[in-house]
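Visitor: Sharing a model that was predicted from the sequence below.
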Protein chains: 2
Amino acid sequence: MALIVQKYGGSSVADADKIKNVAKRVAATRDKGNDVVVVISAMGKTTDQLISLANQITDRPDVRELDVLLSTGETVSSTMLAMALKSLGHKAISLSGAQAGIRTDAAYSRARILNVDSHRIVKELGEGKIVIVAGFQGINDEMDITTLGRGGSDTTAVAMAASLGAQMCEIYTDVDGVYTADPRFVPDARKLRELGYEEMLELASYGAKVLHHRAVELGELCNVPILVTSSFNENPGTLIHGGITMEVRNKVRGIVHDLNVAKVTVLGVPDRPGIATTIFESLAEENVSVDTIVQNASVERLTDLTFTVTKSDLEKAIRVAEPAAKSIGARGCIADANLGQVSIVGTGMQNTPGYAAKMFRALYEKEINIELITTSEIRITCIIDESRVEDALIALHKAFQLEKEGDVL
Amino acid sequence: MALIVQKYGGSSVADADKIKNVAKRVAATRDKGNDVVVVISAMGKTTDQLISLANQITDRPDVRELDVLLSTGETVSSTMLAMALKSLGHKAISLSGAQAGIRTDAAYSRARILNVDSHRIVKELGEGKIVIVAGFQGINDEMDITTLGRGGSDTTAVAMAASLGAQMCEIYTDVDGVYTADPRFVPDARKLRELGYEEMLELASYGAKVLHHRAVELGELCNVPILVTSSFNENPGTLIHGGITMEVRNKVRGIVHDLNVAKVTVLGVPDRPGIATTIFESLAEENVSVDTIVQNASVERLTDLTFTVTKSDLEKAIRVAEPAAKSIGARGCIADANLGQVSIVGTGMQNTPGYAAKMFRALYEKEINIELITTSEIRITCIIDESRVEDALIALHKAFQLEKEGDVL
């Protein structure tokens, strides 16, 4: 008898029939003799609807109040699943984040989990109940509700698995695992059977929407194996864990893309200390989240500073950056709203030369111009024209032979 | 500077614009220098929608889970009002029933308030905040959410006013006070400026939907003056309090009606102890709420037992009562689904003869047949054909000259 934590995302619980379907899956896991804790997201588009409700009151809803409002989405779905399980004859109980003991810091809308006091869950499990925990929410020292930010239910699930010492954290979603690339664009894309935490972290951070990067970080920290799999079929999923054998397989594990990229370049920036601070503090004050930052080498004490933001933040970014640029004596700003990025990711790349060259050649052969390049130890990202992202994915998938398993470079 | 508790019902907060309107009213009260605690219901038809959501999962949702589900309605509206007040530049905070210290018993779906631990509210008021409390909900000893049943937000408001020692509990609704009869049926109906608790209790229990009877009971117990008034205009409302001068006004204060009445008569019931128990225990087990019970005088050891239920409960009542009737040797059951009731209410009636006779005569003159009669010390109720309720209201309003103020009998 094992303890299993299962997490079901919004598309898996989008309506009453889907919730009943989830109940059957949970019941089946229970019937095999396991203790089961289920973490659940809000139904379908509920969170977006609640945000739009708040925006009917004000453009800038108070963050404390918004967190309480958004938390109702997961409360609703958790009670519905508990009702469904009870009507199947199982003992079940829904718990709020607070009742499940999820203590967070006070950073509304992006709270971090400090610790989990699992005594209530342990008591309910001891009474033979399936415990359903409302994801995405916790409680701070003031006993006020906080939310963990987008994708927070994944983090709730991994935190639960870690604090309860669960065998496994199973993330059920609307895709059946992590692919070498998005199968909608790359017909040859192949589902990965396993991935290391760091690889998943890069994939999640650079465009793979299947799992939230904070959940992966926490999984790595607490060494919780995470299975990403579908709630709609019985296909085997992708297991993310720490025991990957690096030598026996393809060193590039996957290719991710992101179509939501815009670029701002501040031209003719004087090359002296404190300049970057002025620009990026102004952006932070206006809550513009900056992704990549590149500063070209300085020529004659003037340099160009480029950063990327999401497309929806571009207008605000320009509004903030232009006066900041003027104030530091830069020439001005130019922007490009029609960009995307492709990244190749793999732990094996870090000590092996030649991956970058191979990537750039594959793009060059398709006449795809590279606007910006950034890298981490296990990732290479190229920012390119949005209209060429699909071509780039197919070309890179082919170049690195990701349709095959095994070590090819 | 006074402390005022205001309660806004579902129709007063049905959409974002109405919530902004409520925010302006609350802000105006605050701007006069008062401390303000606002108790709020769920937006419009939210509670019904949540019940229907639960019914998509199962016909008999678990009551603990249903309470958590329903509580989200008031949580949503409380955060929206807090956001609206903050965007007007006021300090405001929403609190759940639990945070507001509303401790109840464990009777899910119809919990009673045991006590209010107001330390969090007092702290927030001390910081100059307007405090918005989610109505209708509390928390039991297990720290699980309970709800107070339909109309529970009224009770929350009066409990708040009592525990905080507020000057007044103001109930804002979609009508501007308590009328001598329903103005939709009786054109001459007049708004009452004041009413005693007991009178309001009878009016609320026998059809006046303006205020929940438990709130009135609690107001009487704790001697909290309750003002019932409109959230849509500035008309003076009706003040319910304990200091009514009985002698200087009409002894009949108001006429209420209820169109949702069905009747079951068990025929030929043997007149021996324990018979009523058999029938009404069976009904209680099936959760059928019985309103009026009348047993006719026994003739030759056989009697007829009649009780009324709401129309929606009639089918279930018959299904339960028929086998119960058979088991005790009764002849059978007959039912009538097309009934209504009219009641005259007034504290002054209790020591003054002639009210019943006058009521029956007024109905007789309109050829309205009386099916059942029940009375309390300050109320006389006649159950009549549903189709004659409007005629009865007009006739009785005229007979007791309720269009005039003052003592007329």
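Guide: In hand now; what should we look at? Numbers count the residues shown, from 1 in each chain, chains lettered A, B, ... in the order given.
Visitor: mean confidence for the strand or helix carrying A:Val269?
Guide: Using DSSP states H and E, A:Val269 falls within strand A:254-270. Averaging pLDDT along strand A:254-270 gives 91.
Visitor: which stretches of the stretch 301-409 of chain A aren't confidently modelled?
Guide: Scanning the stretch 301-409 of chain A with the threshold set as pLDDT under 70 gives A:351, A:406-409.
Visitor: which residues sit in contact with A:Gly73?
Guide: A:Ser41, A:Ala42, A:Met43, A:Thr46, A:Thr47, A:Leu50, A:Phe136 (CB atoms under 8 Å, 6 or more residues apart in numbering or on different chains). Heads up, the C-betas are built off the backbone N, CA and C, glycines and all.
Visitor: give me the subset of these touching chain B.
Guide: Among the contacts of A:Gly73, proximity to chain B is found for A:Leu50 (CB under 8 Å from any CB of the partner chain).
Visitor: In helices, which of the contacts of A:Gly73 fall?
Guide: In helices, defined here by DSSP state H, the members of these are A:Thr46, A:Thr47, A:Leu50.
Visitor: Kindly present these as TSV, with separate columns for neighbour count, pLDDT and distance to B:Arg379.
Guide: Compiled in TSV, the ones in helices among the contacts of A:Gly73 are given as follows (neighbours: other CB atoms under 10 Å in any protein chain shown; pLDDT from 0 to 100; distance: CB to CB, whole Å):
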residue	neighbour count	pLDDT	distance to B:Arg379
A:Thr46	19	94	46
A:Thr47	21	93	50
A:Leu50	20	96	45
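Visitor: and which of the residues you listed is nearest to A:Ala84?
Guide: Of all the ones in helices among the contacts of A:Gly73, A:Thr46 has the smallest distance to A:Ala84: 17.0 Å, by CB to CB.
Visitor: quick one, what contacts that closest one?
Guide: The neighbours of A:Thr46, taking CB under 8 Å, 6+ apart as the test, are A:Gly10, A:Gly73, A:Val76, A:Ser77.
Visitor: What of A:Val76?
Guide: Shown in contact with A:Val76 (CB under 8 Å, 6+ apart): A:Ala42, A:Met43, A:Thr46, B:Leu50, B:Leu53, B:Leu69, B:Thr72.
Visitor: That one and B:Lys191, how far apart?
Guide: From A:Val76 across to B:Lys191, the span is 40 Å (CB to CB, to the nearest Å).
Visitor: A:Gln295 against A:Ile279, yeah?
Guide: No: contact between A:Gln295 and A:Ile279 fails when scored by CB atoms under 8 Å: they sit 10.7 Å apart.
Visitor: Which neighbours do the two have in common?
Guide: Shared contacts of A:Gln295 and A:Ile279, defined by CB under 8 Å, 6+ apart, are found at A:Leu305.
Visitor: If you count surrounding residues, which of these two has more?
Guide: Taking other CB atoms under 10 Å in any protein chain shown, A:Gln295 and A:Ile279 do not tie; A:Ile279 has more neighbours (25 against 15).
Visitor: Excluding sequence neighbours, find me the nearest residue to the more buried one.
Guide: Leaving aside its sequence neighbours, A:Ile279 sits nearest to A:Ala324 (CB to CB, 6 or more residues apart in numbering or on different chains; 4.8 Å).
Visitor: and that neighbour, that one's in a helix?
Guide: Yes: read with DSSP: H, G, I helix; E, B strand; the rest coil, A:Ala324 is one of the residues of a helix.
Visitor: how much space between it and chain B?
Guide: Separation of A:Ala324 from chain B (CB to the nearest CB, to the nearest Å): 28 Å.
Visitor: Measure how buried that residue is and give me the count.
Guide: A:Ala324 has 18 neighbouring residues, counting by other CB under 10 Å.
Visitor: domain ranges for chain A?
Guide: Using automatic domain parsing, the domains assigned to chain A come out as A:3-174, A:255-399.
Visitor: so which of those domains comes closest to B:Ala14?
Guide: domain A:3-174 (12.2 Å).
Visitor: residue ranges for the helices of chain A, please.
Guide: Counting by DSSP H, the helices of chain A are A:16-31, A:46-57, A:63-87, A:119-126, A:152-164, A:197-205, A:213-222, A:275-285, A:314-327, A:355-365, A:389-399.
Visitor: In the third one, which residues are buried?
Guide: The neighbour-count criterion (16 or more other CB atoms under 10 Å in any protein chain shown) identifies A:64-87 as the buried residues of helix A:63-87.
Visitor: contact partners of stretch A:100-112?
Guide: Outside stretch A:100-112, the residues that touch it by CB under 8 Å, 6+ apart are A:63-64, A:66-67, A:113-121, A:131, A:133-134, A:137-142, A:144, A:146-149, A:156, A:159-160.
Visitor: try stretch A:373-391
Guide: A:185, A:198-199, A:202, A:206, A:257, A:259, A:261, A:263, A:292, A:294, A:308, A:338-347, A:349-350, A:355-356, A:359-360, A:363, A:366, A:368-372, A:392.
Visitor: Pull out the buried positions in stretch A:310-323.
Guide: A:Asp313, A:Leu314, A:Ala317, A:Ile318, A:Val320, A:Ala321, A:Glu322.
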